[in-house]
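J.: Need the 3D shape of this:
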Amino acid sequence: MDVGHLALGIGALLVAGIGASLLAGRLRLPGLVLVLAVGMVIGDDGLHWIRFGGHHGDPQTAQNAAVIALALILFEGGLSSGWAEIRPVIGASIALATLGTLLTAAITGLAALWLFGELSTVEALLLGSTVAATDAAAIFAVLRGSTLRRRLARTLEGESGVNDPVAVLLVIGCIEAIKEPDFGALDALWLVVRELSVGAAVGLAVGALGVLLLQRLTLPTAGLYPVASLALAGIAFGGADSLHGSGFLAAFLAGLVMGSVSTPARRTIVVFHEGVAWVAQLGLFLLLGLLVFPSRLGDVILTGGAIAIVTAVVARPVAALVVAWGFSVPERLMLGWAGLRGATPIVFAIFPITEDSGHGQLIFEVAFFVVLVSTILQGLTIEPVARRLGVTADESAIPEPLVEPVLLNRLGAETMQFPVRPSDAVAGHPVRELGLPREALLNVIVRGDRAIPPRGSTVIQPGDQLHVLVRQEVAVEFRELLRRWRTGPVGPPEHARPRPRSRPSVTSIRPWQDGDGDPTRPRELLGYEVVEQLRTRRDEPGALVALEDGRFAVSGPLLAIGPSGELQAFARRRLARASGPAERAWWQEVVGALAR
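T.: Here you go, the predicted structure:
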């Protein structure tokens, strides 16, 4: 396949994934289920467009791709969570991730040992281990739109990041026990200690290094910050794996450390990795569809479905009831039901195939049913079950940002960030002296790890990050103001208005015409240049401006031009006849501005 066809195929699959997500909303199905179906249709047992699961396929390549995708998902999970959010529930999260995962694997393994007579005890435990871990991306996607109590949501987030390393160690340990009869309990204990300790050390070190670099270095463009974070994710996973540690734990912890500290372009980095995690999840479900042979599923549909039900309805809820201390019984039941299986079992189920550990294809096919049932049954019922158990809240489980930058731009505004350097003229001045125009608002001052609500007396310090909301009408003038903040003098630019040549009455009171230009931002009125925009109307297009001849003008539905006193009298008459609060507020603003 040449590079053109490869690029076309990847683009088409991504478009198909987006389309499946949109279609799923109409069909009230999880979008990833349709992506899985796409993989089954185009795979070896379907249209043969991609030969990846049969004797022409390469399971090792599939495993490598799946492992990298899962590492990216875990990094994004840590980045989006942040230590401050999961710290209050870290004990419960770790208990569920360790003891809960072991108990889930054991109960599922016992059920598999009873249902599949051909499996040995270790092979049954291997099957249970592949489906024991919850999935960070699936849980985060479901919780984003739910009203589950924040404490429960954060517990599930923290658990989903930590239990993947535990589950993969169970999988690797079972495979080693199958291949090496001498592999004993001490070997398993050493494997766990080595993998978790090395993974934790590397992840924390890379995360701390990433925070240090991002805070100290100023990159040439904002687009490089996501590239830097992606590089750090690769270093965390690859470094830990090369040292025989848990790359999954390292990736999650590196993301957690970076997500817990304020760094430049943090929101840009988080949004970028949300997209990367979505593509990774999409790729894993497509990969599952490619590796599954629908013609073979009929032989295990009953037993595989039974294992899926046991995992979702029995094993996981029992584990949550036993280990989730500090929660009420309804909350524990909710923690059990909300433990979604998504991409993670797909990755772990490939390991027995690549290691040729016996019954690997059977384990993979059972994992298919577990993922399918969890995605559909649990994914669609989390919110109704939460309401039935009485564990919902009035707020969103994972709050969205108040306003996205794209939406702000569409609404006629934009956000600007101004980092204060030691040499800037603005350093040492209070906020009241910044000279902000009326159409700009200083939202917050980020100082170190603190967000400071600005007041007029708040003094700007070197190292501060000023976040300003600016209406697009004054964006050009505001950039000039930013230059003055750097070089001085601080404050609004002085406009020397010419003295009026005469004192004529209001010479024009007429409806606004198309030839007059933009009423929100007029440049010239009746042949006179606008030298300053004093106010901008908000309820409809309009403005109060100063003209080059010293007179003033009100633009909008009506055009009125004249000296200050006479235009003020006109505004008072309009105020007396105002039809609503918005219009009344505008004319009051005009009167007040002209009275100064």
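
J.: Backbone dihedrals for the residue nearest to L96 when sequence neighbours are not counted, both of them.
T.: By the measure of Cβ to Cβ, 6 or more residues apart in numbering, the closest residue to L96 outside its immediate chain neighbours is E159, 4.3 Å from it. Using the backbone N, CA and C atoms, a C-beta is placed for each residue, glycine as well. Backbone torsions for E159, taken as degrees, to the nearest 10, come to phi -60, psi -40.

J.: let's have the chain start at 52 instead
T.: Okay, using 52 as the starting number, the last item reads as E210.

J.: So in this protein, which helix runs the longest?
T.: In the chain, assigned by DSSP state H, the helix with the most residues is helix 236-267.

J.: after that helix comes which helix or strand?
T.: Once helix 236-267 ends, the next helix or strand along the chain (criterion: DSSP states H and E) is helix 275-293.

J.: Please point out which parts of that next one sit buried.
T.: For helix 275-293, the neighbour count (16 or more other Cβ atoms under 10 Å) marks 276-277, 279-281, 283-292 as buried.

J.: Next SSE downstream of the helix or strand bottoming out on mean pLDDT in the chain?
T.: Least confident element among the helices and strands of the chain, by mean pLDDT, DSSP states H and E: helix 456-461 (a mean of 54). Per DSSP H and E, the first helix or strand lying C-terminal to helix 456-461 is strand 464-470.

J.: elements contacting that next one?
T.: helix 456-461, strand 516-522, helix 526-538 (3 or more Cβ pairs under 8 Å, 6 or more residues apart in numbering; DSSP states H and E).

J.: One more pass at 10 Å, please.
T.: helix 456-461, strand 491-498, strand 516-522, helix 526-538 (3 or more Cβ pairs under 10 Å, 6 or more residues apart in numbering; DSSP states H and E).

J.: Now render these as a markdown table, adding mean neighbour count.
T.: Shown next, in a markdown table, are the helices and strands packed on strand 464-470 (neighbours: other Cβ atoms under 10 Å):
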| stretch | mean neighbour count |
| --- | --- |
| helix 456-461 | 12 |
| strand 491-498 | 17 |
| strand 516-522 | 19 |
| helix 526-538 | 15 |
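
J.: So for G254, which of these sits nearest?
T.: Distance to G254, taken as Cβ to Cβ, is lowest for strand 491-498 among those, at 25.9 Å.

J.: ok, the closest one: who's next to it in the sheet?
T.: strand 501-503 (antiparallel), strand 516-522 (antiparallel) (DSSP bridges).

J.: Can you name the residues in contact with it?
T.: The contact list for strand 491-498, computed with Cβ atoms under 10 Å, 6 or more residues apart in numbering, reads 313, 315, 317, 464, 466-471, 482, 485, 487, 501-506, 509-512, 514-522, 525-526, 528-529, 532.

J.: Mind exporting the C-alpha coordinates of that strand to PDB?
T.: Extracted C-alpha coordinates of strand 491-498, given in PDB (Å, rounded to 0.1, in the frame of the first residue of the first chain):
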ATOM      1  CA  ALA A 491     -12.100  45.000  28.200                       C
ATOM      2  CA  LEU A 492     -12.200  43.200  31.600                       C
ATOM      3  CA  LEU A 493      -9.300  41.800  33.700                       C
ATOM      4  CA  ASN A 494     -10.700  38.500  34.700                       C
ATOM      5  CA  VAL A 495      -8.000  37.000  36.900                       C
ATOM      6  CA  ILE A 496      -4.400  37.300  37.900                       C
ATOM      7  CA  VAL A 497      -2.500  34.000  38.100                       C
ATOM      8  CA  ARG A 498       0.300  34.400  40.500                       C
END
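
J.: which stretches of the stretch 152-301 of the chain aren't confidently modelled?
T.: Within the stretch 152-301 of the chain, the segments meeting pLDDT under 70 span 187-188, 191-192, 195-196.

J.: one step back: and G179, which of the strands paired with strand 491-498 is closest to it?
T.: Among the strands paired with strand 491-498, the nearest to G179 by Cβ to Cβ is strand 501-503 (45.6 Å).

J.: Against F323, how distant is L240?
T.: As judged by Cβ to Cβ, to the nearest Å, L240 and F323 stand 39 Å apart.

J.: Which of these two has more residues huddled nearby?
T.: Comparing L240 with F323 by other Cβ atoms under 10 Å, the one with more neighbours is F323, at 19 against 11.

J.: Isn't the more buried one up against E127?
T.: Yes - F323 lies in contact with E127 (Cβ atoms under 10 Å); the separation is 9.2 Å.

J.: Can you check which residues contact both of those two?
T.: Listed as contacting both F323 and E127 by Cβ under 10 Å, 6+ apart are S280.

J.: If I average pLDDT within each of the helices and strands packed on strand 464-470, which one is lowest?
T.: When those are ranked by mean pLDDT, helix 456-461 comes last with a mean of 54.

J.: ok so, going back, would you mark the buried spots in the longest helix of the chain?
T.: Under the neighbour-count criterion of 16+ other Cβ under 10 Å, helix 236-267 has 239, 242-243, 246-247, 249-258, 260-262, 265 buried.

J.: try stretch 412-428
T.: Neighbour-count burial for stretch 412-428 [16+ other Cβ under 10 Å]: 412-426.

J.: what's R561 in contact with, if anything?
T.: Per Cβ under 10 Å, 6+ apart, neighbours of R561: 567, 609-612.

J.: Please name the nearest non-neighbouring residue to S311.
T.: Distances taken as Cβ to Cβ, 6+ apart place W134 nearest to S311, at 3.9 Å, with adjacent residues excluded.

J.: show me the contacts for that neighbour.
T.: Applying Cβ under 10 Å, 6+ apart, the residues near W134 are 141, 209, 304, 307-308, 310-312.

J.: just the buried members of those residues?
T.: With burial judged by 16+ other Cβ under 10 Å, the buried subset of the contacts of W134 is 209, 304, 307-308, 310-312.

J.: From the residues you listed, pick the one nearest V369.
T.: For the buried ones among the contacts of W134, the nearest to V369 is G209 (20.4 Å; Cβ to Cβ).

J.: Please state the backbone phi and psi of the closest one?
T.: Per-residue torsions, G209: phi -60, psi -40 (degrees, to the nearest 10).

J.: The buried residues of helix 275-293: which two are farthest apart?
T.: Maximum pairwise distance among these (Cβ to Cβ): 24.9 Å, between Y276 and D292.

J.: quick one: the helices in the stretch 502-647 of the chain?
T.: With DSSP state H, counting those that start in this stretch, the ranges of helices along the stretch 502-647 of the chain come out as 526-538, 615-627, 632-646.

J.: could you pull out the strands for the protein?
T.: Along the chain, counting by DSSP state E, strands occupy 464-470, 491-498, 501-503, 516-522, 559-562, 575-576, 579-587, 594-598, 603-606, 609-613.

J.: Could you export those strands as CSV, including distance to E406?
T.: Shown next, in CSV, are the strands of the chain (distance: least, Cβ to Cβ, whole Å):
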stretch, distance to E406
strand 464-470, 50
strand 491-498, 49
strand 501-503, 50
strand 516-522, 50
strand 559-562, 81
strand 575-576, 77
strand 579-587, 68
strand 594-598, 72
strand 603-606, 75
strand 609-613, 80
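
J.: Touching stretch 264-284 from outside, list them.
T.: So stretch 264-284 is in contact with 119, 122-123, 125-127, 129-130, 257-258, 260-262, 301-302, 305-306, 308-310, 312-317, 319-324, 326-327, 468, 470, 472, 499, 514, going by Cβ under 10 Å, 6+ apart.

J.: at 8 Å what do you get?
T.: Stretch 264-284 is contacted from outside by 122-123, 126, 130, 257-258, 260-261, 302, 305-306, 309, 312, 314-316, 319-320, 323-324, 327, 470, using Cβ atoms under 8 Å, 6 or more residues apart in numbering.

J.: And the pLDDT at H410?
T.: The model's pLDDT for H410 equals 81.
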